[in-house]
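K.L.:
the sequence and its predicted three-dimensional model are supplied below.
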Amino acid sequence: MQNVVDSRDAQQGVKIDWELRVSKCQHFAHDGPYKDILNLSNSVTDEDFDIDSLASYLHLTPEQVRKMVDRERLPGRRVSGEWRFSRAEIHHWFEQRIGLSDNSELIEVERVLDNQQQPSTAVELDLAQVFSPDRICIPLIARTKNSVIDRICEFSAESGVLWLPREMAEAIRNREELHPTALENGVALLHPRRPQPAYFGEPFLSLGITSNGIPFGGPRGCLTDIFFLIASPDESFHLRILARLSRLIQINGFLDELRRAGEPGSVWRLITDADRAI
């Protein structure tokens with residue numbers, strides 16, 4: 001695939017190639033399941049980026065952003081002749097990039113997300129702060145996609161971290177209708193389309209593992225048996241957790257060990273040890 005970040009950009013210190021695998025992202029950004037939420041309005045809101053503010057947000061140069069816009073590789077619209085980019089649409093675009101990235105790209109994604117934190121409140125991501133053995137359900141008793149979503153939300157409520165399980169389940173179903181979160185490796189990363197801080201008191205991560213694989217909309221009909229539920233009060237923290245989990249599940253042999261672990265304490269140690277090692 002063509003690498004559009006040339007050597008001049010590299011000399012300027014641009015470490016991440018934001019257009020790597022971008023032809024795959026075009027499906028999601030323009031022709032795929034997100035097309036009905038793009039270009040919804042020609043109005044400008046406080047949530048919109050312009051070229052310069054989006055370049056700052058993505059830690060790119062304005063020229064790089066213009067190149068991506070010219071190639072229709074960023075979701076945006078013209079308002080009075082100027083490009084505008086919805087924060088929600090950029091969030092969805094960023095989310096899809098995470099799902100298509102390899103480990104080296106995910107490291108750079110995490111770097112960019114870390115740099116977006118305010119210095120006064122910046123914290124290093126540690127999954128142990130949002131994840132505990134009592135948020136792990138083995139086995140998760142479910143046989144259908146809907147029952148998986150309902151059960152992991154009910155379980156999260158039973159563990160005390162989720163206040164509104166029915167509303168969360170519905171929000172997750174709406175997200176899954178846009179595009180399934182199931183991956184080819186048997187993992188699904190469940191989350192609402194937008195943060196829902198009214199549904200819970202603090203960010204958390206839950207995990208359910210079913211005894212057998214379940215049809216969950218994965219690529220080429222693959223079955224899913226490992227279900228993470230990500231609950232974050234804001235988009236930035238959500239993307240940081242999503243990127244970290246994406247790195248973990250790419251570790252050679254990690255998912256096999258997860259499936260063999262068998263009980264919540266062992267699973268929790270496996271995940272948190274791997275998290276602190278990367």
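P.N.:
Arrived safely, thanks for sending.
K.L.:
burial measure for S266, as a count.
P.N.:
Neighbour count of S266, defined by other Cβ atoms under 10 Å: 16. Any C-beta I mention is one placed from the backbone N, CA and C, and that applies to glycine too.
K.L.:
right, I mislabeled it, should have said S211
P.N.:
12.
K.L.:
show me what counts as buried in the helix or strand containing it.
P.N.:
Here S211, judged by DSSP states H and E, is contained in strand 204-215. Residues F204, L205, S206, L207, G208, I209, T210, I214 are the ones in strand 204-215 that count as buried (16 or more other Cβ atoms under 10 Å).
K.L.:
how about the contacts made by the closest residue to I278 other than its chain neighbours?
P.N.:
Excluding the flanking residues, the one nearest I278 by Cβ to Cβ, 6 or more residues apart in numbering is R247, at 5.9 Å. R247 is in contact with N103, L106, I107, E110, I278, counting by Cβ atoms under 8 Å, 6 or more residues apart in numbering.
K.L.:
give me the phi and psi for R247.
P.N.:
phi -70, psi -40 (degrees, to the nearest 10).
K.L.:
same question for A274.
P.N.:
The phi/psi pair for A274 (degrees, to the nearest 10) is phi -70, psi -40.
K.L.:
residues in contact with L242?
P.N.:
Per Cβ under 8 Å, 6+ apart, neighbours of L242: E95, I98, L189, H191, I230.
K.L.:
pretty sure the second one sits against H238.
P.N.:
Looking back up the chat, that one is I98. No. Judged on Cβ atoms under 8 Å, I98 makes no contact with H238 at a distance of 10.3 Å.
K.L.:
one step back: what is the nearest of the contacts of L242 to T61?
P.N.:
I98 (21.8 Å; Cβ to Cβ).
K.L.:
the closest one falls within a helix, correct?
P.N.:
Yes. Under DSSP: H, G, I helix; E, B strand; the rest coil, I98 sits within a helix.
K.L.:
neighbours around it, how many?
P.N.:
21.
K.L.:
export the contacts of R247 to JSON lines and tack on pLDDT, neighbour count and secondary structure?
P.N.:
Output for these, formatted as JSON lines (pLDDT from 0 to 100; neighbours: other Cβ atoms under 10 Å; DSSP: H, G, I helix; E, B strand; the rest coil):
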{"residue": "N103", "pLDDT": "76", "neighbour count": "12", "secondary structure": "helix"}
{"residue": "L106", "pLDDT": "74", "neighbour count": "21", "secondary structure": "helix"}
{"residue": "I107", "pLDDT": "72", "neighbour count": "15", "secondary structure": "helix"}
{"residue": "E110", "pLDDT": "74", "neighbour count": "19", "secondary structure": "helix"}
{"residue": "I278", "pLDDT": "84", "neighbour count": "13", "secondary structure": "coil"}
